[in-house]
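K.L.:
I'll drop the sequence and a predicted model, then ask my questions.
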Amino acid sequence: MTQTLLACGVCGAETRDLYLCRYCLAQLAGLIADTPALIVDLNITLARQDAITLTEQGSKPGQNAAPLPINTHALDALTEIRSAIKGISSHPDHRRPDEQARLTARMPSVGARLTALKVAYNLALKVIDRPASKWFFGHCEACGMAMCGPPDALRVTCVCDRGYDATVLRTRQWEAVGESLVRRSEAVSLISARYHVDRPETVRKAIDLWIHRGALEDRAGWVRFGDVDALWRKRLRMRARKAELARAS
């Protein structure tokens, strides 16, 4: 059986029949194996605000930028790694990592694909490794000062001693994001983060169904986050109602 001499698409080493050398092939298989768990960690990180923020307790409006109620660094990293892993295999859930790697290594473009996955993987690691930060809840209605506290706080108190319901303040922050247009994949991540969805795939399927039924407008791959959020909350209410009726019967 004749073997074709090729060059590794990453390091240039001589290879046979595949466009990756043995070392780069093993590296690709390892990244494929590690990526699912990394995506789970990114979804958890996404539910936190950006770790690096200059907003301090008692600062005035406009003095520092107010962070969104999500970790935008995690959102960027999640988008990148999902795009990169999608280019590796068409059936990532049905083959072992080494099988996926060998299939991808038959493609002349595998070098660029592996490089993109490594860049996305390293970006994700940097985001996940950031320490959890304090949460910025907004500015006090009485004195205008910034209010910060633990991410899981139920109540937050301004430096002027006026107290607020932290849940209400978080809801206002999410409502402010509602007018934004986001990619469909980003909408999946945002809904999963806000409502602590363990399986983001259920959100993706719901969005696809809403678009198919005309309940949600798809603007060339972009959707209004507020519309997705309202439909998801309606879905939660309907399920709660069904569960209540089932218990009563």
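P.N.:
The structure has been received and is ready for your questions.
K.L.:
just the C-alphas of the strand or helix carrying F137, formatted as PDB.
P.N.:
Taking DSSP states H and E as the definition, one finds F137 inside strand 135-139. The C-alpha trace of strand 135-139 is given here as PDB (Å, rounded to 0.1, in the frame of the first residue of the first chain):
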ATOM      1  CA  TRP A 135     -20.900  42.700  41.700                       C
ATOM      2  CA  PHE A 136     -21.800  46.200  40.500                       C
ATOM      3  CA  PHE A 137     -25.500  46.700  41.200                       C
ATOM      4  CA  GLY A 138     -25.900  50.200  39.800                       C
ATOM      5  CA  HIS A 139     -26.000  53.700  41.200                       C
END
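K.L.:
beyond it, next helix or strand please.
P.N.:
Moving toward the C-terminus from strand 135-139, the first helix or strand encountered (DSSP H and E) is strand 146-149.
K.L.:
can you pull the domain assignment for this structure?
P.N.:
Split into domains by automatic domain parsing, the chain comes to 5-133, 178-248.
K.L.:
distance from the shortest one to the middle of the chain?
P.N.:
Offset of domain 178-248 from its chain centre (CA atoms, centre = their mean, to the nearest Å): 15 Å.
K.L.:
before we move on, back to that, partners of the strand holding F137 in the sheet?
P.N.:
Applying DSSP bridges, strand 135-139 is found paired with strand 146-149 (antiparallel).
K.L.:
ok, residues contacting the helix or strand just after the partner strand?
P.N.:
Remark: after strand 146-149, the chain's next helix or strand is strand 155-157, criterion DSSP H and E. Residues outside strand 155-157 that contact it (CB atoms under 8 Å, 6 or more residues apart in numbering): F137, M147, C148, G149, G163, Y164, D165, A166, L169. C-beta here means a position set from N, CA and C on the backbone, and glycine is covered the same way.
K.L.:
buried stuff in strand 155-157?
P.N.:
V156 (16 or more other CB atoms under 10 Å).
K.L.:
strand partners (parallel or antiparallel) of it?
P.N.:
Note on strand 155-157: by DSSP bridges, its sheet partners are strand 163-165 (antiparallel).
K.L.:
so which of the domains of the chain gets nearest A142?
P.N.:
Of all the domains of the chain, it is domain 5-133 that lies closest to A142, at 12.9 Å by CB to CB.
K.L.:
hmm, back to that, with neighbour count added, can I get the contacts of strand 155-157 in TSV?
P.N.:
Compiled in TSV, the contacts of strand 155-157 are given as follows (neighbours: other CB atoms under 10 Å):
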residue	neighbour count
F137	27
M147	26
C148	20
G149	18
G163	11
Y164	18
D165	12
A166	19
L169	19
